[in-house]
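Asker: compute the structure for the input listed below.
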Amino acid sequence: MNRTHALDRARAFAADSLFTLLSDWVSLDTGSRADDRKPSLTAYLEEKIIPWLASRAFETRIVENPEDPCAPFLIARRVEDKALPTVLVYGHGDTVPGMDDAWTKGGGPFALTRDGDRWYGRGAADNKGQHAVNLAAMDCVLQERGTLGFNLTLLLEMGEEMGSPGLHAVCAAEKTALAADVLIASDGPRIEPGTPTIFGGSRAVFNFDLKLTLREGGHHSGNWGGLLANPGIILSHAISSLVDQKGKILVDALRPKDLPRSIAAAIDKLSVTGQGGPEIDPSWGEPGLSAARKVYGWNTLDVLAFECGTPASPVNAIPPAAWARCHIRFLADMDPATFIPAIRAHLDDHGFSEVEVIEVPNNYGLATRMAPDNPWVSFVTASFDTTLDLLAKGPEKKQVSFLPNLGGTLPNDAFSHVLGLPTIWVPHSYAGCCQHAPNEHVLPAILEEGLALMTGLFWDIGETGGPEPDKETSKKG
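Answerer: Now for the predicted structure:
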């Protein structure tokens with residue numbers, strides 16, 4: 001009964017059983033944006049997760065969502081001793097739609113398929129594969145030791161792909177049930193496919209629409225061109241006043257403040273090459289920043305969609321209106337409540353007072369990040385280093401990368417702000433996984449390594465109780 005044997009169990013499970021487990025979970029369509037989605041979302045909890053947990057002595061209950069009745073939550077608890085530390089594990093079982101018609105790999109989105117060094121299936125990366133790894137790692141420790149050595153609470157939501165409606169409210173209402181010493185969760189990509197990664201928070205996202213309506217109906221461009229203002233042209237210039245042709249944000253109120261020194265130092269240790277994804281455009285974004293600073297230490301303003309006239313069937317007419325969906329990814333020192341007033345004032349000052357600025361519902365909340373000297377960062381890094389020593393196949397051992405915050409967005413403030421927890425995220429995917437697109441996939445090599453790392457981590461928490469208590473938590477700024 002020792003750590004090495006627990007890791008042997010993890011390797012054996014990765015080789016023999018992980019594909020079967022994940023295949024079963026992927027087979028259920030849990031797209032949370034479908035009209036009649038509650039039966040399948042509830043079935044994932046009742047038919048897939050709860051039986052698995054119940055056989056491991058978890059008490060489980062489904063919690064109805066106060067904001068979206070179709071997207072329930074699961075709270076599962078294994079309490080070994082109230083005097084022991086408690087780990088809160090989070091994941092989400094919902095996915096984006098399958099996009100069946102555009103799927104070109106394997107047997108379609110709901111049949112996990114091996115193809116070379118990839119496993120294809122909807123949810124394989126986001127997020128079924130990631131919480132499958134963490135639950136399997138927990139089980140490896142349980143099978144080896146007979147106990148975890150700590151208490152474990154699982155919170156699984158079924159609406160993350162819709163913006164996590166109800167998550168913050170459930171965390172507030174279930175504060176006692178979700179009380180813990182730390183959140184340990186998995187989502188998002190590693191910084192590079194071969195680099196074990198820890199991040200402590202995430203940028204947040206703020207979606208808004210720009211809309212300009214000048215008149216009713218279109219008018220023949222031969223008769224009215226040069227006489228009628230074109231809303232598409234005006235709106236494109238309004239956007240270019242917010243962000244330039246190279247992606248630099250031009251509104252001071254939307255640009256972040258200076259990074260704290262410890263955060264900047266942690267980011268400056270990172271190297272971002274875009275391995276496994278599209279080629280990076282080095283001249284895009286804020287001038288003078290490294291790629292790591294651009295994605296982990298700066299804000300971005302992007303246009304997601306632009307509509308003017310009838311794009312699918314253009315006609316020779318001056319259109320009556322134009323619309324654009326934009327969003328801002330922002331850091332933890334920013335207050336999203338200031339964005340709309342800042343954009344409104346900027347557009348007014350630049351002669352675009354007719355352009356409406358409309359906040360999109362269901363924006364995520366606050367951005368979060370964690371300082372690199374947080375005790376949980378040190379503890380998890382040391383645990384991973386120990387495991388990587390054992391996994392090393394040559395003289396050079398992999399190094400762990402720590403990101404103060406992910407470049408993407410997760411509802412981390414529900415845990416850091418509402419529950420007041422330090423938050424540790426360990427991604428088991430990579431940026432080129434095609435999540436939110438056809439042909440979503442995982443790399444089994446990452447899953448195997450992640451299973452070993454998480455098994456070692458859970459073993460070490462049960463062995464030592466984790467780091468000494470500290471008042472530091474994930475926080476704004």
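
Asker: so the residue sitting furthest away from the middle of the chain versus residue 234, what's the distance?
Answerer: No residue in the chain sits farther from the centre than residue 223, which is 50.5 Å out by Cα atoms, centre = their mean. As judged by Cβ to Cβ, to the nearest Å, residue 223 and residue 234 stand 20 Å apart. For the C-beta atoms, the positions are set from N, CA and C on the backbone; glycine is no exception.

Asker: now do residue 433
Answerer: Separation of residue 433 from residue 234 (Cβ to Cβ) stands at 39 Å.

Asker: ok, these two, which is more surrounded?
Answerer: The residue with more neighbours, out of residue 433 and residue 234, is residue 433; 23 against 17, by other Cβ atoms under 10 Å.

Asker: list the contacts for the more buried one?
Answerer: Counting by Cβ atoms under 8 Å, 6 or more residues apart in numbering, residue 433 makes contact with 125-126, 189, 440-443.

Asker: out of the residues you listed, what pair is the most spread apart?
Answerer: Between any two of these, the greatest separation by Cβ to Cβ is 13.5 Å, found for 126 and 443.

Asker: so in the protein, which helix runs the longest?
Answerer: Secondary structure assigned by DSSP state H gives helix 444-464 as the longest helix of the chain.

Asker: which positions within the helix or strand hosting residue 385 qualify as buried?
Answerer: Assigned by DSSP states H and E, residue 385 falls within helix 375-391. The neighbour-count check on helix 375-391 (16 or more other Cβ atoms under 10 Å) flags 376-377, 379-381, 383-384, 386-388, 391 as buried.

Asker: lowest-confidence member of the residues you listed, which is it?
Answerer: Note: of those, the lowest pLDDT belongs to residue 391, at 92.

Asker: residue contacts, the nearest residue to that one once chain neighbours are set aside?
Answerer: Leaving out its chain neighbours, the residue that sits closest to residue 391 by Cβ to Cβ, 6 or more residues apart in numbering is residue 452, at 6.1 Å. Residue 452 makes contact with 7, 10-11, 14, 387, 391 under the criterion Cβ under 8 Å, 6+ apart.

Asker: so where's the stretch 351-477 of the chain shaky on pLDDT?
Answerer: 362-364, 469-477 (pLDDT under 70).

Asker: what's the domain layout of this protein?
Answerer: The chain breaks down by automatic domain parsing into domains covering 3-202+368-464, 204-256+299-359.

Asker: okay if I get the ones you listed as CSV plus distance to residue 274?
Answerer: Formatted as CSV, those follow (distance: least, Cβ to Cβ, whole Å):
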stretch, distance to residue 274
domain 3-202+368-464, 7
domain 204-256+299-359, 15
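
Asker: buried deepest among these, which one?
Answerer: Among these, domain 3-202+368-464 has the highest mean neighbour count (mean count of other Cβ atoms under 10 Å), at a mean of 20.

Asker: so how far is it off the chain centroid?
Answerer: 11 Å (Cα atoms, centre = their mean, to the nearest Å).

Asker: first-to-last residue distance for that domain?
Answerer: 12 Å (Cα to Cα, to the nearest Å).

Asker: ok, now stretch 187-195?
Answerer: 15 Å.

Asker: same deal with stretch 220-237?
Answerer: Note: stretch 220-237 ends 23 Å apart using Cα to Cα.

Asker: what sits up against that stretch?
Answerer: For stretch 220-237, using Cβ under 8 Å, 6+ apart, the contacting residues are 210, 212-215, 219, 306, 308-309, 316-324, 352, 354-355.

Asker: shouldn't residue 39 be within a helix?
Answerer: Yes - secondary structure of residue 39 (DSSP: H, G, I helix; E, B strand; the rest coil): part of a helix.

Asker: for it, report the pLDDT, please.
Answerer: Listed pLDDT for residue 39 reads 95.

Asker: ok, now the one 10 residues further on?
Answerer: On the pLDDT scale, residue 49 is placed at 98.

Asker: that one against residue 72, yeah?
Answerer: No - Residue 49 is not in contact with residue 72 according to Cβ atoms under 8 Å; the separation is 11.5 Å.
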